[in-house]
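Peer 1: Following is a predicted model, sequence given first.
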There are 2 protein chains.
Amino acid sequence: MNQDPDVARVDSLLDAATRAADVLAGTTPGERAAWLEDVADALDEAADRLVSLADEETHLGPGRLAGELKRTTFQLRLFASVVRTGEFLEATIDHADDQWGMGPRPDLRRMLRPLGPVAVFAASNFPFAFSVAGGDTASALAAGSPVILKAHSGHPRLSVATSEIVIETLSKAAAPAGIFASVAGHEAGRMLVTDPRTKAASFTGSLAAGRALFDLAVGRPTPIPFYGELGSVNPAFVTRSAASARAEAIASGFAASMSLGVGQFCTKPGVLFVPAESPIVGLVVAAAAQLGSAPMLNMRIADGFEHSLADLEAHPDVEMLVRGKTADGGAAPSIGRTSMATLLADADRLTEERFGPAALLVEYDDEADLLAAADAFSGQLTATVHGSDRDAIAPQLLELLAQRAGRVLWNGWPTGVSVTYAMQHGGPYPAATSSQTTSVGTAAISRFLRPVSYQSVPEALLPPALLDANPWAIPQRVDGVLRLPARTG
Amino acid sequence: MNQDPDVARVDSLLDAATRAADVLAGTTPGERAAWLEDVADALDEAADRLVSLADEETHLGPGRLAGELKRTTFQLRLFASVVRTGEFLEATIDHADDQWGMGPRPDLRRMLRPLGPVAVFAASNFPFAFSVAGGDTASALAAGSPVILKAHSGHPRLSVATSEIVIETLSKAAAPAGIFASVAGHEAGRMLVTDPRTKAASFTGSLAAGRALFDLAVGRPTPIPFYGELGSVNPAFVTRSAASARAEAIASGFAASMSLGVGQFCTKPGVLFVPAESPIVGLVVAAAAQLGSAPMLNMRIADGFEHSLADLEAHPDVEMLVRGKTADGGAAPSIGRTSMATLLADADRLTEERFGPAALLVEYDDEADLLAAADAFSGQLTATVHGSDRDAIAPQLLELLAQRAGRVLWNGWPTGVSVTYAMQHGGPYPAATSSQTTSVGTAAISRFLRPVSYQSVPEALLPPALLDANPWAIPQRVDGVLRLPARTG
């Protein structure tokens, strides 16, 4: 039997991470911000080597991979800037008040503190942005929580190379030993999720694997938060007016988005609703048929895609308009067509995620049926409307989709997730196991923090963030009123 | 077999709550704030009747109960004031930016939206503040999430009376039908937690019952957040200097806090560490022995307390200094004594919560052992230090306790939880199943909200909170910078 080589290391890594957590709790946001920037610089310096390694292992192409690395180091620096503001601490000071409405209140001061060691499971499809030094690692380190990274088997050498850079850089910067480590192998990952020293876990991947890890995390004697992103079909709805006004742009945009990265994005739009007899169908078919086969991430994913495609093809009421070849680990786009009635009758099967370049076009006669269709979807990362703001159906359709998705888009496409303050990447289950947080964007830092109140603790013993003198110059809510520090520079 | 009468109502109540959720998503914070204030006013008007009913059913005494009702209506009004500021929406606007560091970004706007129908399980020991119109109901309604309240069997008539007032008041105020309902019975509660229409649940009660409901909530095909508060022993640590300086005040304060409400507070201090041969032991014994028996909430709780007391008494290395009588549903304070060595050797058993007026005094010889003792506790709602800020041990002890508790106190007692902006009531498991939220204080509103991003959505279709014109005059983070509205009045 194959024994993961890292199984023997998990215990000592968790010990080191636990000791690091104690040290990290006493570090300043500024120190942690500098570490993140150092890591970003070191990754940028090694860009050529890393991108070439990534391309060998993932076949995603040097252009896309260089862009993804740029996004990843940008993300590290954005978290650094956010950490420096100290807003994420949510520092709140209530002075003692004898006149407080429910009776005298003591001095109470609340802030967010790091959660402790975090297990981060890397994804296959973003070997930089959702892997070793990706979003969850950045936000956990920003929060002050040590990271043990479970590397993805899809890019093992890249994972080792990236981990070495992260570890060496943090060590040079005199960050606490044990703040970051990486392991490989299924069993090492299982051990991380079930060990009492692990205080949270995050994961991006399949519904089956993610739910199994979620069940482990919440089934522990001491359950932990599990941030899983498990799949999404990202429906897009084209109203009649949009189909009339912009058929070509919609068709070419959709074909490009569904086939981007060989359809291996969690935000790939997998279902498109169009008016019956719209030219969009023919245009999508023409665009998709022109796209050749491209290698998928690995054979396992290619096999899985072929299976899910066969399932779609086998559906008695789905017509395959384009059946792309899947061979030798590669795939070309496939497009199916069905009717609104079929989709509504068999929504569970037809709204399943098919990870790869496949999409289903659903033709409707009555635009009002789009509301019933929106209602048929479970939790989604994204949902898109192509319409005109004069469409009578638009307000209700957007509202229904906002109830089911983490991000709703208008006249755009969901692939290409920007890292910003306002990004939400997550959504109701199964898009995510925790719809209340995000894995992309600066709000992600809250995943790895926990509030603590200090009651009547004297100044000498309070954390700096909670002092009246506000030595870190951070936002503080004082007696209910949010106060921003004076801007400098 | 006893069939819960409310089982047959659950389905239609959840349907009504789901419809109400749709309506609520379109209400303004100001509308919801007014409803909360109306409910507070109506409860205050009915205070005499409600307090008298509560006293009949819980034996907590009219003084305490009147105070608790005051706290409850204060809480409703405080949430109203917080909702009006709109801060809880976390409105964030990123304008489209071609120069964004990782590549051009689209217009992205993020806000928190209500989660949907919530099941709130009332607690036995706070028939107002953690019951029908208590904290979770207030924060869920403030957030815009409908509530189905599972009444506690310990105060059935009070629950019905309070529910009637809430329902009638909300109806008069033209709040959506189905925004609030209450049910009774174990099976109705189980149905609420497992029904797909329920989007979150909250609970305060025993570890066994809470864990069982947590397991149901996370074991669903679509798991939901479960906010359980399951128990805490709330250790208190007296340093040598504090014991010398303030033995009498510490002893009387402790005896009062551990026996308050017949020891039936989740924040009751159940373990007190004192220097060996400190006069505190004798003073606590004298104070506790003077306190007579008082009726507990109900016979089931009294029986449970007797069992947990017998377990403490049976411990070979625990000496019972005061053994209060437990008879006829009443209990008098009991005080045990043990050594630091015994506590460290048998921490699991000796740090268990005993719900009622019992406490364990632990004598130490070496003050440094307090650190090992702090380390022996699992997650706690609170942890307390009585010391001097010149105590060498104080910084490390407070830090260890902050890692294990939701609230750390200095020279005070944990009972009497103030409802403020900076309160944190919760903590690592088993104090709470979700250490990242609070059940008391204004921060609780985040439990029942979920973020959604709107990408490139035109003004006419955006929620008011996300408009550049900021019609609600709420704080908005615009392109990374938090902007507060100009103050009025």
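Peer 2: Here it is on my side, so go on. Residues are numbered from 1 along each chain as shown, chains lettered A, B, ... in the order given.

Peer 1: Surely residue A:476 touches residue A:87?
Peer 2: No. Under the criterion of C-beta atoms under 8 Å, residue A:476 is not in contact with residue A:87, lying 10.0 Å apart. C-beta: built from backbone N, CA, C; applies to glycine.

Peer 1: Between the two, which has more neighbouring residues?
Peer 2: Higher neighbour count among residue A:476 and residue A:87: residue A:476, with 24 against 19, using other C-beta atoms under 10 Å in any protein chain shown.

Peer 1: what residues are up against the more buried one?
Peer 2: A:91, A:92, A:93, A:465, A:470, A:482, A:483 (C-beta atoms under 8 Å, 6 or more residues apart in numbering or on different chains).

Peer 1: Same question for residue A:478.
Peer 2: Here residue A:478 is in contact with A:93, A:95 (C-beta under 8 Å, 6+ apart).

Peer 1: try the one 5 residues further on
Peer 2: Each residue near residue A:483 by C-beta under 8 Å, 6+ apart is listed here: A:475, A:476, A:477.

Peer 1: Do any residues in the lengthiest helix in chain A lie close to chain B?
Peer 2: Assignment by DSSP state H gives helix A:62-85 as the longest helix of chain A. Yes. Using C-beta under 8 Å from any C-beta of the partner chain, we find that helix A:62-85 touches chain B at A:67, A:70, A:71, A:74, A:75, A:77, A:78.

Peer 1: Could you identify which of these has the most neighbours?
Peer 2: residue A:75 (27 neighbours).

Peer 1: My read is that that one contacts residue A:131, right?
Peer 2: No. If you go by C-beta under 8 Å, residue A:75 and residue A:131 don't touch, sitting 12.0 Å apart.

Peer 1: ok, how many other residues are close to residue A:18?
Peer 2: Residues near residue A:18, counting by other C-beta under 10 Å: 18.

Peer 1: That one is in contact with residue A:148, isn't it?
Peer 2: No. With contact defined as C-beta under 8 Å, residue A:18 and residue A:148 do not form a contacting pair (10.6 Å).

Peer 1: Which neighbours do these two have in common?
Peer 2: With C-beta under 8 Å, 6+ apart, residue A:18 and residue A:148 have common neighbours residue A:117.

Peer 1: hang on, the earlier thing: can you tell me which of the contacts of residue A:483 are in strands?
Peer 2: Mapping those onto strands (DSSP state E) picks out A:476, A:477.

Peer 1: Could you dump the contacts of residue A:483 into a markdown table with pLDDT added?
Peer 2: Shown next, in a markdown table, are the contacts of residue A:483 (pLDDT from 0 to 100):
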| residue | pLDDT |
| --- | --- |
| A:475 | 95 |
| A:476 | 97 |
| A:477 | 97 |
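
Peer 1: hmm, back to that, next SSE after the longest helix of chain A?
Peer 2: strand A:92-94 (DSSP states H and E).

Peer 1: What strands flank that following strand, and is each parallel or antiparallel?
Peer 2: Note on strand A:92-94: by DSSP bridges, its sheet partners are strand A:108-114 (antiparallel), strand A:476-478 (parallel).

Peer 1: the bottom helix or strand of chain A by mean pLDDT?
Peer 2: When the helices and strands of chain A are scored by mean pLDDT, DSSP states H and E, strand A:326-327 comes last with a mean of 83.

Peer 1: after that one, next one along is what?
Peer 2: Counting by DSSP H and E, what follows strand A:326-327 is strand A:330-331.

Peer 1: Output the below-cut-off pLDDT ranges for chain A.
Peer 2: Where chain A drops to pLDDT under 70, the residues are A:1-3, A:487-489.

Peer 1: Break it into its domains for me.
Peer 2: For chain A, automatic domain parsing gives the domain ranges A:7-230+A:435-452+A:460-466, A:236-410.

Peer 1: How about the secondary structure of the closest residue to residue A:378 other than its chain neighbours?
Peer 2: Counting by C-beta to C-beta, 6 or more residues apart in numbering or on different chains, residue A:378 lies nearest to residue A:430, which is 6.4 Å off, once chain neighbours are set aside. Here residue A:430 is recorded as coil under DSSP: H, G, I helix; E, B strand; the rest coil.

Peer 1: Would you agree residue A:430 is in contact with residue A:377?
Peer 2: No. Residue A:430 is beyond contact range of residue A:377, at 11.0 Å (criterion: C-beta under 8 Å).

Peer 1: one step back: for the strands paired with strand A:92-94, which one ends up most surrounded?
Peer 2: strand A:108-114 (a mean of 24; mean count of other C-beta atoms under 10 Å in any protein chain shown).

Peer 1: Give me the residues contacting that strand.
Peer 2: By C-beta under 8 Å, 6+ apart, strand A:108-114 touches A:21, A:24-25, A:88-94, A:143-145, A:446, A:448-455, A:457, A:462-463, A:465-466, B:402-403, B:418, B:420-424, B:441, B:443.

Peer 1: Of these, which belong to strands?
Peer 2: Using DSSP E, those in strands are A:92, A:93, A:94, A:449, A:450, A:451, A:452, A:453, A:454, A:455.

Peer 1: how about these in CSV, adding neighbour count?
Peer 2: Shown next, in CSV, are the ones in strands among the contacts of strand A:108-114 (neighbours: other C-beta atoms under 10 Å in any protein chain shown):
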residue, neighbour count
A:92, 29
A:93, 24
A:94, 24
A:449, 23
A:450, 26
A:451, 26
A:452, 24
A:453, 31
A:454, 24
A:455, 27
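
Peer 1: wait, is residue A:12 part of a helix?
Peer 2: Yes. The assignment for residue A:12 is a helix, going by three-state DSSP.

Peer 1: so residue A:119 makes contact with residue A:148?
Peer 2: Yes. Between residue A:119 and residue A:148 there is a contact under C-beta under 8 Å: 5.5 Å.

Peer 1: what sits in contact with each of those two?
Peer 2: Common neighbours of residue A:119 and residue A:148 (C-beta under 8 Å, 6+ apart) are A:192, A:198.

Peer 1: Enumerate the residues of the stretch 101-250 of chain A near chain B.
Peer 2: A:101-103, A:105-106, A:108-110, A:113, A:115-116, A:214-215, A:218-219, A:222-223, A:225.
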